[in-house]
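Participant: give me a model of this one.
(one chain, ligands or ions: 1)
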Amino acid sequence: MTAAQSPSGPPVGALLRAEGLRKTYGATPALDGADFAIRSGEVVAVMGPSGSGKSTLLHCLAGIVPPDQGRVFYQGQEISGLSDAERSALRRGDFGFVFQFGQLVPELTCLENAALPLRLAGSGRKEAEARARDWLARLEVDEVRHHRPGQVSGGQGQRVAIARALAATPRVVFADEPTGALDSLNGERVMELLTRAARETGAAVVLVTHEARVAAYSDREVVVRDGRARDMSVLAGAV
Ligand SMILES: Nc1ncnc2c1ncn2[C@@H]1O[C@H](COP(=O)(O)OP(=O)(O)OP(=O)(O)O)[C@@H](O)[C@H]1O
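Facilitator: A predicted model of the protein is given here:
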């Protein structure tokens, strides 16, 4: 167990916390009373079978999708009740995202892609690109900085996407199957680089994965089944 826990389970002093999340798409319940909590500097793997609600949990935590019921707190402030514009501002300022297929902007170079969140947050081009270049170097893809995403390998593109997520020094990184499109060697390297970089900056990482070897890079595992989340460290501690 890596985090202090309240008697009911979730870590005390959480940076990001959700209580009783429910979300239904038509007749499909995606989340059915899910709780979650993560502290600064923690890497938490969200695992579970396909369709169990992992991505929906991530989207609700990140303020991308509003839950039908339940609440999400970030730094003690309820964000589930914020307006769309307020949630967008929070995502731009405090959150970083890495998805399965990088989702880089194809018309921009890798350097411009990595600098984009900083530019959107108001940094000047020179400053943003200097910071982005530093992160591309840390992620070992400085040499492709002038290439467009279509001209780099899947592993390189994913490293650029991680550099982009981390360059703006987010407090929380949301990673949804970040290695899903990579072979195992590339996947492990990407996980090493992501978790090391996040630990250096003190960011919390919410890592959705269905692969045990990817979850092995986390501090703690939460398993989602039928729209409900269970903290495996709490269960292990209770035995
Ligand atoms: N935008 C949507 N519209 C309709 N149904 C959705 C939508 N998003 C998710 N669902 C449904 O909600 C349930 C949970 O989906 P979710 O993507 O959260 O699961 P998951 O655990 O991330 O799955 P996977 O591992 O396959 O990506 C599924 O039954 C899914 O079909």
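Participant: so what are the sheet partners of the strand or helix carrying L31 and their directions?
Facilitator: Per DSSP states H and E: L31 is located in strand 28-38. Looking at strand 28-38 with DSSP bridges, its partner strands are strand 16-25 (antiparallel).
Participant: show me what counts as buried in the strand it pairs with.
Facilitator: Neighbour counts over strand 16-25 (16 or more other CB atoms under 10 Å) mark 16-19, 21-23 as buried. (Each C-beta comes from the backbone N, C-alpha and C, glycine too.)
Participant: and which of the residues you listed is nearest the ligand?
Facilitator: Taking CB to the nearest ligand atom as the measure, the ligand sits nearest to K23 out of the buried residues of strand 16-25, at 7.8 Å.
Participant: which residues touch the closest residue to the closest one other than its chain neighbours?
Facilitator: Spatial nearest neighbour of K23, excluding adjacent residues (CB to CB, 6 or more residues apart in numbering): L31 at 4.3 Å. Residues near L31 by CB atoms under 8 Å, 6 or more residues apart in numbering: 21-23, 53, 56-57, 60, 67, 70, 227-228.
Participant: check those residues against the ligand, which are close?
Facilitator: 53, 56 (CB under 6 Å from any ligand atom).
Participant: quick check: residues of this structure near the ligand?
Facilitator: Counting by CB under 6 Å from any ligand atom, the chain sits next to the ligand at 25, 28, 30, 48, 50-56, 210.
Participant: okay if I get the residues you listed as TSV plus distance to V105 and secondary structure?
Facilitator: Below are those laid out as TSV (distance: CB to CB, whole Å; DSSP: H, G, I helix; E, B strand; the rest coil):
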residue	distance to V105	secondary structure
Y25	28	strand
T28	32	strand
A30	28	strand
G48	31	coil
S50	29	coil
G51	30	coil
S52	31	coil
G53	29	coil
K54	26	helix
S55	22	helix
T56	25	helix
H210	27	coil
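Participant: what subset of these is buried?
Facilitator: Taking 16+ other CB under 10 Å as the criterion, what is buried in the residues of the chain next to the ligand is 30, 48, 52-56, 210.
Participant: for the closest residue to G53 other than its chain neighbours, give me the pLDDT.
Facilitator: Among residues not flanking G53 along the chain, G227 sits closest, at 4.3 Å (CB to CB, 6+ apart). For G227, the model assigns a pLDDT of 89.
Participant: which ones are touching G227?
Facilitator: By CB under 8 Å, 6+ apart, the residues touching G227 are 22-23, 29-34, 52-53, 56.
Participant: hmm, try it at 7 Å
Facilitator: Applying CB atoms under 7 Å, 6 or more residues apart in numbering to G227 gives the contacts 29-32, 34, 53.
Participant: buried stuff in the strand holding L31?
Facilitator: So strand 28-38, judged by 16+ other CB under 10 Å, has buried residues 29-32, 34-38.
Participant: the closest residue to A62 other than its chain neighbours sits in which helix or strand?
Facilitator: Distances taken as CB to CB, 6+ apart place F174 nearest to A62, at 4.9 Å, with adjacent residues excluded. Using DSSP H and E, F174 maps to strand 172-176.
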